[in-house]
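Student: Whatever this is, show me its structure:
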Amino acid sequence: MAGGSGTRLWPLSRSFYPKQFLELFSEDSLIQGTLNRLNDKDYGTPIIITNNEYRFLVKEQIKKTKHPDSQIILEPVARNTAPAIAISALISIKDGADPLLLVMPSDHIIKNEKQFSESIKKAREYAEKGYLVTFGINPTSPETGYGYIKASSSVGDGIFGIERFVEKPSLNKAVEYISDGHYSWNSGIFLFKASTFLQELNSFCPEIYESCLKSVNSAITDLGFIRVDPVSFANCPSDSIDFAVMELTSKGVVIPVDIGWSDVGSWSALWEVGNKDNNNNVSKGDIYLDETSNSYIYSKERFIACIGVDDIIVVDTSDALLVVSKNNVQKVKDVVNYLMVNNRTEYQNHNEQFRPWGSHEVVSSGSKYNIKRVVIKPGHSSSEQVHYNRTEHWIVLSGTALVMCGDEIKTIKENESTFIPAGVKHNFSNPGKIDLEIIEVQTGPYLAEDDIYRD
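Tutor: Residues are numbered from 1 along each chain as shown. Modelled structure (predicted):
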């Protein structure tokens, strides 16, 4: 599952670039790490269900994983986890199969992958018997940011029935749960047969089941994406798998595990799981620290110096800077709400934005100019378009550009440039085998993105 709203790790995550696409711990993003975790020959082709807005990000990122041919299902609107899993389960059985489904969020980390693999093998036995298995995390502290699962009596070796699910508790309640010894954190990871889940969903939430069935029966495939029917899916109730199925079924069981798990749900959680120096600091980027401790410092580009500070979070991106004490990280969402209410773009996009043909990044801008770095993938091209309020100068940094400007088609090579007048239809394409990199300089009285007209 690769949805999300991109609020809790702002300014690194944005609504159009949530945390599953971030490279927080290695050269792999969280979604790439999740896919690469599926390295056993017993796994079938992964199914990724995601927001329509993220389709090209997902497609681009999975190319660099062990599963570049993963199926990608697009949700036209968000409807929570129960419908998302139902859609995936229905698609998985379309050819008459009844596979075991390992359901995982794409934006969690698991440090002990060997132990996770062993836990899956144990859970598999019970899933094949018709149980809905959820993976509980052995708690290490009284966390208030996680839901909890209370286990009941044992049904097998390390497998327990479920007495109840608990939403995020108060600190006092969380302390009680830790002392009780029967509670585990709710990881949102499940293993079950597709048919078992669908039967239970149909029993307890037939409206969700029927809406999802109609959505899948009318689905189409477009550019390699599976698009479910938007009308049927929009009519589907929104609910989580916990509320829709797991709290109601008699087939639910929990396997408590210790796998080095985190949902990386806040900057303080990221500090918790990061590699710390001698002063308990986690840093990434060009960083200087002096008399600084218990802090998380991140810089994408600029040099950052921290002197005489403790227990803070500093995150610097090209268009936003966050400085917050570790005990106030939950208020980051208030910043995002402020940006949304005031129609600021910083909650939505980074300066770098991704398109089917490549990406573009704002390098510098002013009232009458805009400078972008544009990358076009081999064999791709931009749409044909016209701007009436701006002219453009294109300078090729690397690769070769095939440029259409009005009735003229010309080739522009490295260190060469071309001029696009206002009011003239144009596009560019990359006929080469390497990325085409261009500096685009826009000038004019109006530079907003809505000054684009296509046929």
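Student: For Lys193, give the beta-bridge partners.
Tutor: For Lys193, the beta-bridge partners under DSSP bridges are Leu100.
Student: what's the longest helix in the chain?
Tutor: For the chain, the helix that runs over the most residues, judged by DSSP state H, is helix 113-128.
Student: now that helix, how far from the centre of its chain.
Tutor: Centre-to-centre, helix 113-128 and its host chain are 25 Å apart (CA atoms, centre = their mean, to the nearest Å).
Student: Please point out which parts of that helix sit buried.
Tutor: By neighbour count, and taking 16 or more other CB atoms under 10 Å as the criterion, the buried residues in helix 113-128 are Phe116, Ser119, Ile120, Lys122, Ala123, Tyr126, Ala127. In this view, the C-beta of every residue, glycine as well, is placed from N, C-alpha and C.
Student: now stretch 230-239, how far from the centre of its chain.
Tutor: Mean C-alpha position of stretch 230-239 versus that of the full chain (CA atoms, centre = their mean) differs by 21 Å.
Student: Pull the residues that contact it.
Tutor: By CB atoms under 8 Å, 6 or more residues apart in numbering, the list of residues contacting stretch 230-239 from outside reads 75-80, 82-83, 87, 205, 207-208, 211-212, 214-215, 218.
Student: low-confidence ranges in this structure?
Tutor: 455 (pLDDT under 70).
Student: Give me the domain ranges for it.
Tutor: As assigned by automatic domain parsing, the chain contains the domains 19-262, 267-340, 352-443.
Student: Can you give me the buried ones in stretch 105-113?
Tutor: Neighbour counts over stretch 105-113 (16+ other CB under 10 Å) mark Pro105, Ser106, Asp107, His108, Ile109, Ile110 as buried.
Student: can you put the residues you listed in TSV and add secondary structure and distance to Glu60?
Tutor: Below are the buried residues of stretch 105-113 laid out as TSV (DSSP: H, G, I helix; E, B strand; the rest coil; distance: CB to CB, whole Å):
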residue	secondary structure	distance to Glu60
Pro105	coil	20
Ser106	coil	14
Asp107	coil	17
His108	coil	21
Ile109	strand	21
Ile110	strand	23
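Student: Can you tell me which of those is closest to Leu35?
Tutor: Distance ranking of these against Leu35, using CB to CB, places Ser106 first at 8.1 Å.
Student: ok, which stretches of this protein are helices?
Tutor: When secondary structure is read from DSSP H, the chain shows helices at 30-36, 55-62, 81-92, 113-128, 171-180, 194-204, 206-217, 230-234, 241, 267-273, 332-341.
Student: For Pro356, which of those is the nearest?
Tutor: The closest approach between Pro356 and any of the helices of the chain, judged by CB to CB, belongs to helix 55-62 at 5.2 Å.
Student: Just the CA atoms of that closest one, as PDB, please.
Tutor: Below are the C-alpha coordinates for helix 55-62, written out as PDB (Å, rounded to 0.1, in the frame of the first residue of the first chain):
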ATOM      1  CA  ARG A  55       1.700   6.700 -10.500                       C
ATOM      2  CA  PHE A  56       4.800   7.900 -12.300                       C
ATOM      3  CA  LEU A  57       6.800   8.200  -9.100                       C
ATOM      4  CA  VAL A  58       6.000   4.600  -8.300                       C
ATOM      5  CA  LYS A  59       6.700   3.400 -11.800                       C
ATOM      6  CA  GLU A  60      10.100   5.200 -11.900                       C
ATOM      7  CA  GLN A  61      11.100   4.000  -8.400                       C
ATOM      8  CA  ILE A  62      10.300   0.300  -8.900                       C
END
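Student: Please state the offset of that helix from the chain centre?
Tutor: Computed by CA atoms, centre = their mean, the chain-centroid distance of helix 55-62 equals 10 Å.
Student: which helices and strands sit right next to that helix?
Tutor: For helix 55-62, the helices and strands in contact under the criterion 3 or more CB pairs under 8 Å, 6 or more residues apart in numbering; DSSP states H and E are helix 30-36, strand 47-51, strand 71-75, strand 352-355.
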